[in-house]
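Chemist: test case, fold it:
(one chain, ligands or ions: 1)
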Amino acid sequence: MKTHKQAKKELTDRITALEDLIKFTRENTYYEKFCLHCSSVMQVKLNGERAQEKKYCNDACRSSFHRKRNQKAVAYFLKKKKKKNDS
Ligand SMILES: [Zn+2]
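Modeler: Purely as a prediction, here's the structure:
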């Protein structure tokens, strides 16, 4: 025979299990978008903190993107300087 106490414990256990499932589902729902640098598909968590701002697949890719951009800027600056000196 099931007692009141047992029924209450069963209810609490089931609710705890469901709460864990909800938490897991929230943490593991993601969408996919392209990395701005290497165009590989990356997974962005829907509810992650600052996840929406994610632009690059990893830190190496981000620094590589900025290094290349800086190199381009320096090359442009040098070209401009050379032109000025030539004229
Ligand atoms: Zn990348």
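
Chemist: now E10: which helix or strand?
Modeler: For E10, the element it lies in under DSSP states H and E is helix 4-27.

Chemist: and the next helix or strand past that helix?
Modeler: strand 30-34.

Chemist: how about the helix or strand containing A75, does it reach the ion?
Modeler: Using DSSP H and E, A75 falls within helix 59-86. Yes - contact between helix 59-86 and the ion, assessed by Cβ under 5 Å from the ion, occurs at C61. From N, CA and C alone the C-beta is placed, and that goes for glycine too.

Chemist: what residues of that helix count as buried?
Modeler: Using 16 or more other Cβ atoms under 10 Å as the test for burial, helix 59-86 gives 61-62, 65.

Chemist: name the nearest residue to Y31, sequence neighbours excluded.
Modeler: V44 (5.7 Å; Cβ to Cβ, 6 or more residues apart in numbering).

Chemist: do Q43 as well
Modeler: Per Cβ to Cβ, 6+ apart, closest to Q43 is Y30, 4.4 Å.

Chemist: N47 now?
Modeler: R26 (5.4 Å).

Chemist: how many neighbours does that neighbour have?
Modeler: Around R26 sit 11 other residues, with neighbours defined as other Cβ atoms under 10 Å.

Chemist: which regions of the chain sit below the pLDDT cut-off?
Modeler: Applying pLDDT under 70 to the chain picks out residues 48.

Chemist: quick check: the residue nearest to N47 vs L46, distance?
Modeler: 8 Å (Cβ to Cβ, to the nearest Å).

Chemist: again with M1
Modeler: From M1 to L46 the distance is 46 Å (Cβ to Cβ).

Chemist: more neighbours, the two?
Modeler: Taking other Cβ under 10 Å, M1 and L46 do not tie; L46 has more neighbours (12 against 3).

Chemist: for N58, what are phi and psi?
Modeler: Backbone torsions for N58, taken as degrees, to the nearest 10, come to phi -160, psi 180.
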